[in-house]
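# sharing a sequence plus its predicted fold:
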Amino acid sequence: MSNEGKSELESAPVANSTEKTATIYPAATKDIAKNPGVADANLTVDDKPTIQSINGVAPDADIKPITETPTPVTTPSPDITTPTTQSTEKVPTASPVSPVEKADSTTKPKTNNGDEEKQKHLSKKLNSIDISFGVSLAEKVFLAKHLSIILKSGISLPESLRVVADQSKGKLRKVLDDVIFKVESGKALNVAMSDHKDVFDSLFRNMIKIGEKSGSLDQSLTYLAEQLEKDSKLVGKIKSASLYPTIVLITAVGVGGGISYFILPKLTKLFTSFKAGLPLPTRMLLWFSKSIEKYGVIWLAVLIALVVGVWLLLKIKAVRGVWQRIQISLPIIGKLTIGLNLARFSLTLGTLLKSSVAIDEALSITSDALDFIPYQNAIIIMKNEVSKGKTMLEGIEVADKKRKLFDPSTRAMIRVGEKTGTLNNSLVYISKFFQDEVDNITQNLATSLEPILLIIIALVVGFIAIAIITPMYSILGVIGG
């Protein structure tokens, strides 16, 4: 055999085992290059090898396979791929990932235990801590309006809630964080809100529930936002109208108390130093002044206790119902109260009927939405009558026999709506009518109360003036005599 053939044969890749001799052939090297993990399968051990031609040079038949120590061999020919020598140690990077392990790694869900624990802690914290500050009606309007707009843009519900939560503060922010966690856990939005009934009333939750069932949550939120916004405006008008008389009364009481505590005690010494008869207004004023000076702390405690006691009594439903019935009979406040409640009743019921809610269920939700007990009881009676198959107008006739809660115009509009099948539109019209009436009453309320307040203040100031000036003549008479 020629030297050139021998040199090419000697340069061929050879692998050796510690116990047996293995010969690697060119055909096997190509398989090893494709799949290094099957290198052992291409080794021929203890067989008589058939040495094929390498690069076209036929080896001599008398030449035996060459065995060497297991070291990497470099081939001069580009046609032959050099395999990696097998070792008893396993290299982690060289071993391929099995298909089973790869499938297992892809099917295992990735969970963030830190975030989950944080959300659980937040939920427990919300349920255990009583937050003194509530959620205002304006914040609820903000929530419904912005959530409706964001949902209409195609953003998912959890992400929409997160956007609104980022713009919220205080208790509403913490409540929304808990609602988001429960929605992402698979609960419906109305179910998540049911855990916070002090924030989301029956009307809010049921409007959400209706929207989720019908697949029109954004539209239900739009109706809800409109209803809450109008309700907020009505309440705001009442508060602004009562602000002026409240300030005047508080100022009058404050000035009277200051005069009684700081000025009258000094005049008392002057009046009592002269042995002259004092008129009745002066004696009453001096008695009140001495009482304030000696028992001022007790008087203050009694006043605070009286205010707190009245507030606690009004928390009792029966007592509050009696007071609200008296409130209806008052001249100006009664008309304002009836108009406000009729506006809220018709607006809420009309919104629910427009959202395809059954009339008996809508009446039940409306009763929970109002906080005026006479109207709550009347609506419950109406609901029971409607459940028996009677019309809504017949239910009103049974619930309001004295005709104090529902005026004739309201009854006429409901009758027309039931006959024509457009009850929701009639209720919306009634709501708009009473909203305008409440607006007019609140605008004229300050003007109406101003003369009454001026008369009250004039009487108080006149009484003090008479009580102080009248004894001056008696003192002058004593001095002149």
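Perfect, I can see it now.
# so what does I441 look like in phi/psi?
Torsion angles at I441 (phi, psi; degrees, to the nearest 10) stand at phi -70, psi -40.
# list the helices and strands the host helix or strand of I304 packs on?
Per DSSP states H and E, I304 falls inside helix 280-315. Helix 280-315 makes packing contacts with helix 264-273, helix 317-329, helix 423-480 when contacts are defined by 3 or more CB pairs under 8 Å, 6 or more residues apart in numbering; DSSP states H and E. Just so you know, the C-beta spots here come from the backbone N, C-alpha and C atoms, and that holds for glycine as well.
# what's the closest of those to P374?
Among the helices and strands packed on helix 280-315, the nearest to P374 by CB to CB is helix 317-329 (5.7 Å).
# got the contact list for that closest one?
Helix 317-329 is contacted by residues L313, L314, I333, G334, T337, I338, F372, I373, P374, N377, K404, L405 when judged by CB atoms under 8 Å, 6 or more residues apart in numbering.
# what's the spacing between the first one and Y223?
What it means is L313. With distances taken as CB to CB, to the nearest Å, L313 is found 37 Å from Y223.
# between those two, tell me which one has more neighbours.
Y223 (20 against 13; other CB atoms under 10 Å).
# and the more buried one, what pLDDT?
What the model reports as pLDDT for Y223 is 84.
# again, but for K402
Model confidence at K402 (pLDDT) stands at 83.
# then S291?
Reported pLDDT for S291: 82.
# ok, it touching W299?
Yes. S291 is within contact range of W299, at 6.8 Å (criterion: CB atoms under 8 Å).
# looking at these two, which has the bigger crowd around it?
When neighbours are counted by other CB under 10 Å, S291 and W299 differ, and W299 comes out ahead with 16 against 13.
# still on that earlier bit, nearest to E229 among the helices and strands packed on helix 280-315 would be which one?
Nearest to E229, of all these, is helix 423-480, at 11.4 Å by CB to CB.
# can you tell me the average pLDDT over that closest one?
81.
# heads up, I number from 470, so please use that
With the count now opening at 470, the last piece we talked about shows up as helix 892-949.
# remind me what that helix packs against, helices and strands.
Helix 892-949 packs on helix 686-727, helix 733-742, helix 749-784, helix 800-823, helix 877-889, going by 3+ CB pairs under 8 Å, 6+ apart.
# how far out from the middle of the chain is the first one?
Read that as helix 686-727. For helix 686-727, the separation from the chain centroid amounts to 22 Å (computed by CA atoms, centre = their mean, to the nearest Å).
# against which helices or strands is that helix packed?
Using 3+ CB pairs under 8 Å, 6+ apart: helix 686-727 touches helix 606-621, helix 671-683, helix 800-823, helix 892-949.
# got it, and the last one?
Here helix 877-889 is seen to pack against helix 861-868, helix 892-949 when contacts are counted using 3+ CB pairs under 8 Å, 6+ apart.
# is it possible to get JSON lines of those helices that adds mean neighbour count and distance to T835?
Converted to JSON lines, these look like this (neighbours: other CB atoms under 10 Å; distance: least, CB to CB, whole Å):
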{"stretch": "helix 861-868", "mean neighbour count": "19", "distance to T835": "11"}
{"stretch": "helix 892-949", "mean neighbour count": "15", "distance to T835": "10"}
